[in-house]
Structures are given as structure tokens and as C-alpha cells.
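Peer 1: Have a look at this prediction, sequence included:
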Amino acid sequence: SQTIHQWPATLVQPVGSPLSLECTVEGTSNPNLYWYRQAAGRGLQLLFYSVGIGQISSEVPQNLSASRPQDRQFILSSKKLLLSDSGFYLCAWSREVSGTDTQYFGPGTRLTVL
Amino acid sequence: GDSVTQMEGPVTLSEEAFLTINCTYTATGYPSLFWYVQYPGEGLQLLLKATKADDKGSNKGFEATYRKETTSFHLEKGSVQVSDSAVYFCALRMNTGFQKLVFGTGTRLLVSP
């Protein structure tokens, strides 16, 4: 069976510090990978998606970036965090990018920027 | 653009009450529709889905029917339990090419014993 891991589970960082969140998927190959953010009181917003190693598409321009150094690894980064980056970050994977395929979500990372 | 509208929460019910959480959508075509559930402190789990009009998704006693004529996908359960307390997200995704999941803002359900 497939599993998706995220770490850390929680993170408190000062404004202006760097960020690195990691997501890995087990039990499948060539997954499509996604980063979402859930801000307080709001729905989920797609930040990045990737259909293969080194292939990253950005949905929302911001001070975050994503990388996919290995097939089943997806990293979300920032050089300098802003207060507005606080939120719950969710990684997800799917087998296909078509509309009928299901996205499976990881447990999430709660980021607080102070 | 495509969008999903959910009823405002929180929805507060007593155990064994009937649940309805309304969801309507706006889309240029015919999307797949999803309900995800988020338990406290956890990520999202797929609850059910429907990929075409008149399909009924069901899981764990929850049901939702894809109504093209009313562009709706309301979530229902006949008898809620305390363990159903969570945030429920309705979402859509178009069926051609890459299309992102478009989520509603979520509806918090609180079930008391």
C-alpha cells in the first residue's frame, strides 16, 4: 500500500528565517505530487504541483519555491519567511493528473511564523 | 473561474441527528466532485467522490449525489456520531487535462453526546 509522510509535524520560525518542508511517498512510482496551504479560516490553496523529477509548476506567485530532487520526494522551501506564510501545509499525491483520479493527502505540517 | 461554495459552519448537532452539509459548484464543464474530511490535527482524507451526473458516492454512512441540474453535491448522513466531528471540504476537479482540486472553505461539524 501507499503511504505519504511529511515532516516536521509542527514548526515555529521567526520572520526572515529559511524554511524547508519535506514530503515523501512510499509504495508507488512516478506519482504526481502537490503542495497545498490551508490558512486559518480559509480553504485549501494549491501552491505547486509536479508531474516528474525536476518538473515544478507554480500556481500562486509568492516567496515559496518547490523542488523534486527524487521521484518520490517533494520539498517546499523559502529563503525568508513572512508572517503571512503561517498555515497548515499539506502534501498530496495522485497516480494521474486527470480529473477522476484521487489525491491522497499527508498528515500536514503546521507552520507558525512569529 | 471554477468555484465551490459550502455552507458556513460550525454545524452543531446532537448524536444520532441527521446531517446535511450543502455544497454547490460553478464550473465551465462537468467536473468530478469530492468530499474530504479533516479530523482535528490531521491531514485530509477522501470521504467519497462522484465522477458524473447522478452518481452517488457513499462511505462510512455518508452519502452525496451529483446533481447536475442544481450544480450541487450535498453531504448527508442519517445518524451522526461524536466521532464524526471534523471539518468537511467539498471539492471539484475538471476531467480533462491537468486540473487542480478546487476546494470550498470547509464546514466544521461538532457532534455532542
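Peer 2: Structure received.
Peer 1: Only C-alpha atoms from now on, for both contacts and neighbour counts.
Peer 2: Noted.
Peer 1: For the residue most central in space within chain A, name its beta-bridge partners.
Peer 2: Centrality entry for chain A: nearest residue to the mean C-alpha point is A:Trp35, 2.9 Å, by Cα atoms, centre = their mean. Per DSSP bridges, the residues bridged to A:Trp35 are A:Phe48, A:Cys91.
Peer 1: Make sure it is actually in contact with A:Leu44.
Peer 2: No. Between A:Trp35 and A:Leu44 no contact is recorded; they are 9.9 Å apart, counting by Cα atoms under 8 Å.
Peer 1: count of neighbours near the residue nearest to A:Leu81 when sequence neighbours are not counted?
Peer 2: Spatial nearest neighbour of A:Leu81, chain neighbours left out: A:Gly16 (4.7 Å); criterion: Cα to Cα, 6 or more residues apart in numbering or on different chains. Residues near A:Gly16, counting by other Cα atoms under 10 Å in any protein chain shown, number 14.
Peer 1: Could I get the contacting residues of A:Gly16?
Peer 2: Applying Cα atoms under 8 Å, 6 or more residues apart in numbering or on different chains to A:Gly16 gives the contacts A:79-82.
Peer 1: In three-state terms, label it for me.
Peer 2: Classification of A:Gly16 using DSSP: H, G, I helix; E, B strand; the rest coil returns coil.
Peer 1: Tell me, what's the model's pLDDT at it?
Peer 2: On pLDDT, A:Gly16 comes in at 96.
Peer 1: measure it to A:Phe48 for me?
Peer 2: 22 Å (Cα to Cα, to the nearest Å).
Peer 1: ditto for B:Glu16
Peer 2: With Cα to Cα as the criterion, B:Glu16 and A:Phe48 are 40 Å apart.
Peer 1: next one: B:Gly104
Peer 2: Distance of B:Gly104 to A:Phe48, given as Cα to Cα: 18 Å.
Peer 1: same thing with A:Asp85?
Peer 2: Taken as Cα to Cα, the span from A:Asp85 to A:Phe48 is 15 Å.
Peer 1: cool, B:Ala27 as well?
Peer 2: For B:Ala27, the distance to A:Phe48 - Cα to Cα - is 22 Å.
Peer 1: How about B:Ile21?
Peer 2: For B:Ile21, the distance to A:Phe48 - Cα to Cα - is 29 Å.
Peer 1: what do you get for B:Leu75?
Peer 2: 29 Å.
Peer 1: and if you look at B:Phe89?
Peer 2: Computed as Cα to Cα, the B:Phe89 to A:Phe48 distance reads 20 Å.
Peer 1: Settle it for me: which of those two has more neighbours?
Peer 2: Counted by other Cα under 10 Å, B:Phe89 and A:Phe48 do not tie: B:Phe89 has more neighbours, with 28 against 24.
Peer 1: In contact with that one, which residues?
Peer 2: B:6, B:35-38, B:103-107.
Peer 1: what helix or strand does it sit in?
Peer 2: Using DSSP states H and E, B:Phe89 falls within strand B:86-93.
Peer 1: Residue ranges in the chain under the pLDDT threshold?
Peer 2: Defaulting to chain A. Applying pLDDT under 70 to chain A flags residues A:41, A:61, A:96-100.
Peer 1: wrong one, I was asking about chain B
Peer 2: Those would be B:95-99, if you go by pLDDT under 70 across chain B.
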